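A.B. asks: 3D, please:
(one chain, ligands or ions: 1)
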Amino acid sequence: MPVLEDVFSLADQVAIVTGAASGLGRVFAYALAGAGADVALLDINGKGLHETAEHVRSLGRKAYAYTVDVADEIQVLAAFVELEKAAGHIDILVNNAGVGQAYQGMIHEYPSSEWHRLIDVNLNSVFYCSREALKRMVARRKGKIINISSIWGLVGGGFVRAGGYATTKGAIVNLTREMALEYAPYGIQINAICPGFHRTGLGNFDDPEFAQLMTSHTPAGRVAEADELQGTVIYLASSASSFMCGSIIAVDGGFLSQ
Ligand SMILES: NC(=O)c1ccc[n+]([C@@H]2O[C@H](COP(=O)([O-])OP(=O)(O)OC[C@H]3O[C@@H](n4cnc5c(N)ncnc54)[C@H](O)[C@@H]3O)[C@@H](O)[C@H]2O)c1
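C.D. replies: This next block holds a predicted model:
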């Protein structure tokens, strides 16, 4: 039986994190590096990206930073080609990049531009990045993909009127299941995390009214810090989850059990 330390080790592995310039993506990049992986960072925010890369290097791991709009398939394709040249192989992909909704309202008044923006950034990016990663993972019969959905991927957006956002996150849940079934026979495990309310730039957590509303809907009685997800991502990225395919893990302070 392997020792526990080896079960969670990511030594000699290369992990990609999209949306790594801030928030949860930055936490994931640091955690993966801490577990021994070299990390490729993709984000549209070049400044934040380079700050994340510097910190990963300070942990003794290699960091490859690509300023990329993950909603643009040509840019995604080019980044994967460059990364493959630089790193040689890709073991782990964390599809994390995402945006919240700029419009909160009912579907009959929903602007098309906002709808398409959410589908492009939150959903199409997962398809583009997964497709490029899977081409390489299938060839090696090995890989891990972790999709970041949301509690709003498993229930309707309800009180936050998150119709567009919830649609993209629900689609990520079923895309996860579909891909998990297709690629399980190739030794590739694909799973999703559905976070509840975590303090990042995505929500207006500095506004006491917003923070109180999210807290009041969370049985744990608080919102979470971004770094509370680092263990879950390492679990799904490592051999600790070698028999998990298509699982949807909620980390939500009890929200979905209500
Ligand atoms: N924070 C939460 O409470 C929470 C809850 C559930 C799900 N999520 C999901 O977690 C993921 C990370 O969100 P976060 O909370 O860290 O927010 P965040 O705003 O701090 O980080 C999102 C990152 O994605 C990047 N990004 C946005 N559009 C991009 C694009 N087109 N191309 C490349 N990069 C792009 C941003 O620059 C940013 O660095 C998102 O998918 C979000 O939907 C967050």
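A.B. asks: Residue 211 is in contact with residue 218, isn't it?
C.D. replies: No - with contact defined as CB atoms under 8 Å, residue 211 does not count as touching residue 218 (10.6 Å). Where you see a C-beta, it was placed from the backbone N, CA and C, and this is true even at glycine.
A.B. asks: how deep is the spatially closest residue to residue 93 that is not a sequence neighbour tucked in, by neighbour count?
C.D. replies: Residue nearest to residue 93 in three dimensions, not counting chain neighbours: residue 133, with 4.2 Å by CB to CB, 6 or more residues apart in numbering. Neighbours of residue 133 under the rule other CB atoms under 10 Å: 24.
A.B. asks: got it, and residue 228?
C.D. replies: When counting by other CB under 10 Å, one arrives at 17 neighbours for residue 228.
A.B. asks: Spit out the contact partners of it.
C.D. replies: Applying CB atoms under 8 Å, 6 or more residues apart in numbering to residue 228 gives the contacts 198, 251.
A.B. asks: Quick check: residues of the stretch 151-258 of the chain near the ligand?
C.D. replies: Selection of the stretch 151-258 of the chain residues close to the ligand by CB under 6 Å from any ligand atom yields 195, 197, 198, 200, 201, 202, 203.
A.B. asks: 5 Å instead, please
C.D. replies: Contact residues, the stretch 151-258 of the chain versus the ligand (CB under 5 Å from any ligand atom): 195, 197, 198, 200, 201, 202.
A.B. asks: Next, give phi and psi for residue 82.
C.D. replies: When read as degrees, to the nearest 10, the backbone of residue 82 gives phi -60, psi -40.
A.B. asks: For it, give its distance to residue 98.
C.D. replies: 23 Å (CB to CB, to the nearest Å).
A.B. asks: Pick out whichever of those two has more residues nearby.
C.D. replies: More crowded of residue 82 and residue 98, by other CB under 10 Å: residue 98, with 25 against 14.
A.B. asks: quick one: what helix or strand has residue 17 in it?
C.D. replies: strand 14-18 (DSSP states H and E).
A.B. asks: and that strand, what does it pack onto?
C.D. replies: Where contact means 3 or more CB pairs under 8 Å, 6 or more residues apart in numbering; DSSP states H and E, strand 14-18 is packed against helix 23-34, strand 38-43, helix 73-87, strand 92-95, helix 125-140.
A.B. asks: Residues contacting that strand, please?
C.D. replies: By CB under 8 Å, 6+ apart, strand 14-18 touches 25, 28-29, 32, 37-43, 70, 83, 87-97, 125, 129, 133, 237.
A.B. asks: Quick check on those residues: which are buried?
C.D. replies: By neighbour count, with 16 or more other CB atoms under 10 Å, the contacts of strand 14-18 hold 25, 28-29, 32, 37-43, 70, 83, 87, 90-97, 125, 129, 133, 237 as buried.
A.B. asks: Make CSV out of the residues of the stretch 151-258 of the chain next to the ligand and add distance to residue 258, secondary structure and neighbour count.
C.D. replies: As requested, those are exported to CSV (distance: CB to CB, whole Å; DSSP: H, G, I helix; E, B strand; the rest coil; neighbours: other CB atoms under 10 Å):
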residue, distance to residue 258, secondary structure, neighbour count
195, 16, strand, 25
197, 13, coil, 24
198, 18, strand, 22
200, 23, coil, 19
201, 26, coil, 13
202, 22, coil, 19
